[in-house]
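S.K.: Okay, sequence plus prediction incoming.
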Amino acid sequence: MPRSPELFGLRRPSSIIIAVHPIHGWKDRAGSACLHSGVDRAALAITAAIHGRTNHPAIIVVASDEALVEKVESTPGTVGLVDVYSITGGVNVLRASGKLPLEPGYPLHGN
């Protein structure tokens, strides 16, 4: 079975905080691993990830949690970050540090 390309989806970068660890050897101009914040830098990182992959981008940005859930449901192998209350039965929820989103100690809570 062919492996589906990885796809990472997120809402408008201006509405969330993104922490990116080094992915696939991305480097900035100084040669150090990328760790960007801010909309402009996020847009540059997304553009760099998509370059040459117009038919199967590595990262997509959508306008709402609902649109992201629909994309995740329809594209096998896609990972999306959405508000827990936007999750439907059509997607699988991943554990982070062994915890589900509504469990105490879940590391991706906003507060």
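M.R.: Looks like it arrived, so ask away.
S.K.: which residues of this protein fall in strands?
M.R.: 7-11, 59-62, 78-80 (DSSP state E).
S.K.: Which of these comes out lowest on mean pLDDT?
M.R.: Per-segment mean pLDDT for those reaches its minimum on strand 7-11, at a mean of 58.
S.K.: what's the first-to-last distance across stretch 46-62?
M.R.: 13 Å (CA to CA, to the nearest Å).
S.K.: quick one: buried residues of that stretch?
M.R.: 46, 49, 57-62 (16 or more other CB atoms under 10 Å). Where you see a C-beta, it was placed from the backbone N, CA and C, and this is true even at glycine.
S.K.: what about this structure, any weak spots by pLDDT?
M.R.: Counting by pLDDT under 70, the chain has low-confidence residues at 1-43, 54, 110-111.
S.K.: follow-up on the earlier one: distance to Gly89 for the buried residues of stretch 46-62 - can I get that in JSON lines?
M.R.: Listed next are the buried residues of stretch 46-62 as JSON lines, based on distance: CB to CB, whole Å:
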{"residue": "Ile46", "distance to Gly89": "29"}
{"residue": "Ala49", "distance to Gly89": "30"}
{"residue": "Pro57", "distance to Gly89": "26"}
{"residue": "Ala58", "distance to Gly89": "27"}
{"residue": "Ile59", "distance to Gly89": "25"}
{"residue": "Ile60", "distance to Gly89": "22"}
{"residue": "Val61", "distance to Gly89": "25"}
{"residue": "Val62", "distance to Gly89": "20"}
